[in-house]
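Q: Sharing a model that was predicted from the sequence below.
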Amino acid sequence: MIDPTIINLGYLIASVLFIIGLKMLSRQKTARTGNRLSAVGMLLAVVMALLSQEMGYTYIIAGFVLGGLIGTVAASRVQLTAMPEMVALFNGFGGVASLLVGWAEYENARWIWVQQSPTVVTLVATFVAVLIGGVTFTGSLIAYAKLSQKLPGRPLGIRGQQIVNAVFLAAAIACGVAFMLNPVHLYAIFLVLVGLSLVFGVLFTIPIGGADMPVVISLLNSYSGLAACAAGFVIDNTVLIVAGALVGASGLVLTTIMCKAMNRSLRNVLFGAFGGDGGKGPSEEAGQANPIDAETASYVLEAADTVIFVPGYGMAVAQAQHAVRELAEALEENGTDVAFGIHPVAGRMPGHMNVLLAEANVPYEQLLEMDDVNAQMPNIDVAIVIGANDVVNPAARDDETSAIYGMPIINVDQAKTVFVLKRSMASGFAGIENPLFYKDNTRMLFGDAKASIEALIAELKQD
Amino acid sequence: MSAGILLFFVFVLAIFLGFELISKVPSQLHTPLMSGSNAISGITIVGALLAAGNTDNETIRIVLSTLAMAFATINVIGGYLVTDRMLGMFGSKKSGDGR
């Protein structure tokens, strides 16, 4: 046994390491060190907890070995392309761990509470840990299933979904209140609460469409922090409270960034079931799309001085990132300036495109943010859109009646020529017609994105 | 000031700190920031090990806390490793791969 003061000092140092680590994670140069500092903080917190009291190690070791094996294998085997679903899955595990901690404490405490009634804080914290932990768990599992395409990405829902959700949430809160009023005897109510939380997580996530996943994942990430925080109140532990609150708040900041990038409110993302009404016909001035073949396109590229690639989820689906990097290199050898324009919500998680292109060894100096790209756009000879749709849709800028009006976009239509690599003329995830395809300076290169890019490389190398 | 209200103080201040800590993040770092902070939320491992270390040999508590320990460990170890792997790939051309 060690003096509690030393233990608490250790927790304090761990908390400071988390704070510094998070700060450093938000800058390119320091990010990797920041992550390692925060890992050191975690190790310190664990060691301090182990030294804080007498305990049996059997189950600690059993759980640690099991979880450590799974975590290590999963993290080192996962394809970079599968990163969104992996992050979602890890996140859900954090949530369920907080739920289980709250539950295990309750199993112990309810016998103590017979003699000595618990504080309101403990009761509320137990309820919140279970509710948010449960929602985070099943919500993340649904996000995982949608991202790994085990479930369809489109919004799934029933009529009156919001009413059903409200009823379930109200029922969970009612159970929570009943539990708090009589925690010793209403054991069954507690179990119902656990069940309702898990069901509510499913109901809450399932109506949200794939294109909105970046928002949902970062929101669930915030929730997992809050669940840990609540678990901290259950066991009176400062390091859980601090670390959980930090993640909860910073996760909400990232969520807000994502919402702003789509010009939508969080409420609208969560309850809008966006993309469900895909029935909008083409606008009256749709006109004719101009197809192009790889050979002709390669002549245009050869003559270009500046080329910008704008990738979207389609690049991830086609696994085209390596081919894209090869094409970029071939163009560079030809003396062309190449850059990539990355929209903040392109793909299915925050920063999705950056991860894919980094995997393909694209130097990060070439990955430009939306505002920088847009400033250069009028001077760009060719903009190549690869599997992106809504994030380059000029209707968001020009058409006040469009469902995505006001969403910031990458203005590829202002480049001298635009190539759109696309499987077919189908509309994007949001189910909205894209006038870009019918512009005079747009050429459609139909087919699988990867195959099209490879054809372009072959043509370029031939000449 | 009672211990309970002190914890609440800590909580509120940490929330504000969390909001201030991250203001403008380049989109480059959105994914690593998310998975890195996700690993931090695995701090619940501390709660899990305290529970798993004091089960009084009650079956239900053994099951719940061992599971909590396993899930939290996956979150922590997996989260940090994946983030590190990702950041290792965010190199520039000169420095090459996997630095």
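A: Received it, and whenever you're ready, just let me know what you need. Keep in mind it's a predicted model, so treat the numbers as computed, not measured. Residues are numbered from 1 along each chain as shown, chains lettered A, B, ... in the order given.

Q: Enumerate the beta-bridge partners assigned to A:A383.
A: Listed beta-bridge partners, A:A383: A:I308, A:V418 (assigned using DSSP bridges).

Q: Please report the distance of it from A:A415.
A: 4 Å (CB to CB, to the nearest Å). Just so you know, the C-beta spots here come from the backbone N, C-alpha and C atoms, and that holds for glycine as well.

Q: which residues do these two both contact?
A: In terms of CB atoms under 8 Å, 6 or more residues apart in numbering or on different chains, A:A383 and A:A415 are both contacted by the residues A:I308, A:M377.

Q: Which single residue of the stretch 101-250 of chain A ends up nearest chain B?
A: A:A249 (2.6 Å; CB to the nearest CB).

Q: Now do that residue: how many residues are near it, please.
A: Other residues near A:A249 come to 23 when the count uses other CB atoms under 10 Å in any protein chain shown.

Q: next one: the one 3 residues further on
A: The number of residues packed near A:L252 is 22, by other CB under 10 Å.

Q: if we can go back for a sec, I'd say the residue of the stretch 101-250 of chain A closest to chain B and B:F16 touch.
A: Yes: using CB atoms under 8 Å, A:A249 is in contact with B:F16, at 7.4 Å.

Q: which residues in the stretch 251-400 of chain A form strands?
A: Using DSSP state E, counting those that start in this stretch, the strands found in the stretch 251-400 of chain A span residues A:306-311, A:337-342, A:367-369, A:382-386.

Q: any idea which of those is most buried?
A: Each of the strands of the stretch 251-400 of chain A was scored by mean neighbour count; the highest is strand A:382-386, a mean of 28, by mean count of other CB atoms under 10 Å in any protein chain shown.

Q: just checking, what packs against it?
A: Counting contacts by 3 or more CB pairs under 8 Å, 6 or more residues apart in numbering or on different chains; DSSP states H and E, strand A:382-386 is packed against strand A:306-311, strand A:417-422.

Q: angle of the first one against strand A:337-342?
A: Here strand A:306-311 runs at an angle of 30 degrees relative to strand A:337-342 (axes from the mean of the first three to the mean of the last three CA atoms, to 10 degrees).

Q: Could you check the angle strand A:306-311 makes with strand A:382-386?
A: Going by the same axes, to 10 degrees, strand A:306-311 makes 10 degrees with strand A:382-386.

Q: Equivalent analysis for the last one, please.
A: For strand A:417-422 against strand A:382-386, the angle by the same axes, to 10 degrees is 10 degrees.

Q: Show me what strand A:417-422 is in contact with.
A: So strand A:417-422 is contacted by A:292, A:297, A:300, A:304, A:314, A:381-387, A:389, A:412, A:436-437, A:439, A:441-447, A:449, A:452-453 (CB under 8 Å, 6+ apart).

Q: Recalculate using a threshold of 7 Å.
A: The contact list for strand A:417-422 (CB atoms under 7 Å, 6 or more residues apart in numbering or on different chains) reads A:297, A:300, A:381-387, A:412, A:436-437, A:441-446, A:449, A:452.

Q: hang on, isn't A:V101 packed against B:L49?
A: No: at 9.7 Å, A:V101 does not count as touching B:L49 under the criterion of CB atoms under 7 Å.

Q: These two - which one has more neighbours?
A: Comparing A:V101 with B:L49 by other CB under 10 Å, the one with more neighbours is A:V101, at 38 against 27.

Q: Contact partners for that one?
A: Taking CB under 7 Å, 6+ apart, one finds A:A129, A:A231, A:V234, B:T44, B:G47, B:A48, B:A51, B:A68 in contact with A:V101.

Q: among the residues you listed, which are in strands?
A: With strands taken from DSSP state E, there is no overlap with the contacts of A:V101.

Q: pull the longest helix from the chain.
A: Defaulting to chain A. helix A:83-115 (DSSP state H).

Q: looking at chain B here, not the other one
A: helix B:3-21.

Q: Just the mean pLDDT for that helix, thanks.
A: Mean pLDDT, computed over helix B:3-21, is 89.

Q: what's the offset of it from the middle of its chain?
A: On the basis of CA atoms, centre = their mean, to the nearest Å, helix B:3-21 sits 17 Å off its chain's mean C-alpha point.

Q: Contacts only, for A:E107.
A: By CB under 7 Å, 6+ apart, the residues touching A:E107 are B:E58, B:I60, B:R61, B:L64.

Q: do the same with A:A304
A: A:T336, A:D381, A:V382.

Q: My read is that the first one contacts A:V307, right?
A: Yes: if you go by CB under 7 Å, A:T336 and A:V307 touch, sitting 5.4 Å apart.
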